[in-house]
Structures are given as structure tokens and as C-alpha cells.
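> okay, predicted coordinates and the sequence, questions at the end:
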Amino acid sequence: MKTKDFFAKFLSGYLWGNLLAMALVVVVIGFGVKYGLEYYTHHDESIKIPDLSKMDFDDARLLLESDGLIIQVSDSGYNKRLPAYCILAQTPDAGNRVKQGRVIYVTVNSPSSPSFAIPDLVDNSSYREAAAKLMALGFKLLPPQYIPGEKNWVYGILSRGRHINTGDVISTNYPLTLQVGNGQYGEEDDINYLEPEYHESADPLGEGDIDEFEEVDGPDE
């Protein structure tokens with residue numbers, strides 16, 4: 001191919017028309033992807049999360065759904081001063097801006113206080129250990145009741161004036177009292193150490209005094 005023919009084809013309108021068409025297709029695809037993604041992800045569109053605190057769950061659900069948001073219960077708690085099924089907490093917090101379709105997780109107030117089985121604490125732990133375990137479960141503790149025994153050792157648990165045992169299921173709404181040793185013991189716990197009595201040896205055969213041995217001479221030589 002001659003140089004003249006090459007430049008003639010390079011400068012032809014057909015070639016430049018195809019190149020221009022390809023460039024336009026690339027630009028159209030680029031804008032389509034950009035605005036299509038923005039429309040799909042609701043770019044620059046956000047919803048301010050309302051404050052759901054102390055709101056009834058059904059009312060909160062209707063409010064969020066009207067804004068295009070989703071509510072989901074993630075946990076439950078108990079506050080006897082608030083009505084049952086009201087919202088105690090939410091995530092994300094109120095005031096944050098999220099996109100439509102975002103899930104809002106809430107903690108709902110339980111209609112009754114939670115109950116737990118009493119762990120193995122009696123005669124198995126100190127007052128500090130027992131108190132820490134019970135409070136971690138949500139129990140409230142009254143001042144301990146001190147009784148004779150090893151100091152700060154747990155000897156019993158009381159609830160509403162009665163003894164409770166390991167494994168009993170008790171509501172956290174009822175406070176507990178730990179019976180704890182005061183480091184002192186009652187008279188019935190004292191140990192009397194008696195000195196042993198020593199007596200003169202008696203005749204084991206009961207035949208009276210034992211005669212002394214008489215020296216006997218050997219046989220005559």
C-alpha cells in the first residue's frame with residue numbers, strides 16, 4: 001500500500017465516523033452506569049432516624065415503615081416503670097441519617113421481669129464472689145445477714161423471708177439476702193480438748209501383786 005493510499009483511508013469520513021460512534025457509546029454507557037447506580041442506591045437521598053425512645057413498638061413500626069425503614073427487635077430488657085413492649089434503645093441512634101430500606105434494631109421492654117436459676121453458691125463461695133455472680137444476673141441484694149460461721153463465707157440465700165436452694169428459678173424483681181459467716185462460732189461449735197488421764201498399771205491377770213523374782217543359784221559343779 002502506498003503512503004498516499006494509507007493517508008487517504010486514515011482521513012476518510014467512514015473511519016472517523018466509526019471512531020466517533022464508538023466514543024459516543026462509551027460516553028453513554030458511562031453516564032448510564034453513573035446515574036443508574038445513583039438511582040439504585042438513592043445517592044444524596046437520606047432519611048433522618050426518628051427518636052423511638054419509650055414509644056410503643058407498633059407505633060414505632062408504623063412510623064419507620066412510613067419513611068421506608070425497617071424495624072427489627074434485637075434484644076429485650078425490663079424496666080418496671082415503663083409500659084410493656086415500649087422501645088428502650090435503638091441502633092442506629094436517633095438523628096442519624098440513613099438510606100431507605102435500612103434496618104433499625106430496637107430493644108423492647110419485657111412485660112415481666114426475667115427469671116434465672118440460682119447458681120451453686122451456698123457453702124461454695126465467699127460473699128464477694130456470690131454477690132458478683134448474682135448481680136451479673138440482674139439480682140438486687142439486700143444487706144447481708146451475718147450468722148456464726150467462717151468469716152465472709154456464704155451459708156444460705158433468702159428471698160422474701162424463705163430459704164432458696166441451688167437451681168431454684170427466681171425473678172430478678174425479688175431482692176436476695178445472703179447469709180454470711182461473721183467469723184465467730186456458737187458454744188455448740190466449740191471443741192473441748194481434754195487432757196488424757198494416766199492410771200497406775202494394774203495386774204493384767206487380776207491375781208494381785210506380782211511377786212518379785214528370787215535369785216536362784218546355778219547347779220553345783
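Done, it's in.
> can you list the weak-confidence ranges in this protein?
1-16, 34-44, 186-221 (pLDDT under 70).
> can you pull out the helices in the chain?
Counting by DSSP state H, the segments of the chain that form helices are 3-10, 13-41, 57-66, 127-137.
> and the third one, what's buried?
So that's helix 57-66. Across helix 57-66, burial judged by 16 or more other C-beta atoms under 10 Å covers 57, 60, 61, 64. Placement of C-beta: from N, CA and C, glycine included.
> closest one of those to residue 137?
Closest approach to residue 137 among the buried residues of helix 57-66 (C-beta to C-beta): residue 57, at 25.6 Å.
> contact partners for that closest one?
Residue 57 is in contact with 71, 73, 85, 86, 87, 106, 108, counting by C-beta atoms under 8 Å, 6 or more residues apart in numbering.
> quick one: neighbours of residue 118, just the number.
Other residues within reach of residue 118, judged by other C-beta atoms under 10 Å, total 20.
> surely it meets residue 157?
Yes. Using C-beta atoms under 8 Å, residue 118 is in contact with residue 157, at 6.5 Å.
> domain parsing of the protein, as residue ranges.
Using automatic domain parsing, the domain ranges for the chain come out as 47-109, 115-185.
> format those domains as TSV; extra columns: distance to residue 17.
Below are those laid out as TSV (distance: least, C-beta to C-beta, whole Å):
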stretch	distance to residue 17
domain 47-109	43
domain 115-185	79
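> quick revisit: could the buried residues of helix 57-66 go into CSV alongside distance to residue 142?
What follows is the buried residues of helix 57-66, written out as CSV (distance: C-beta to C-beta, whole Å):
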residue, distance to residue 142
57, 34
60, 37
61, 40
64, 42
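> which one of the residues you listed sits closest to residue 18?
residue 64 (53.7 Å).
> run through the residues that contact that closest one.
By C-beta under 8 Å, 6+ apart, residue 64 lies in contact with 50, 52, 70, 71, 104.
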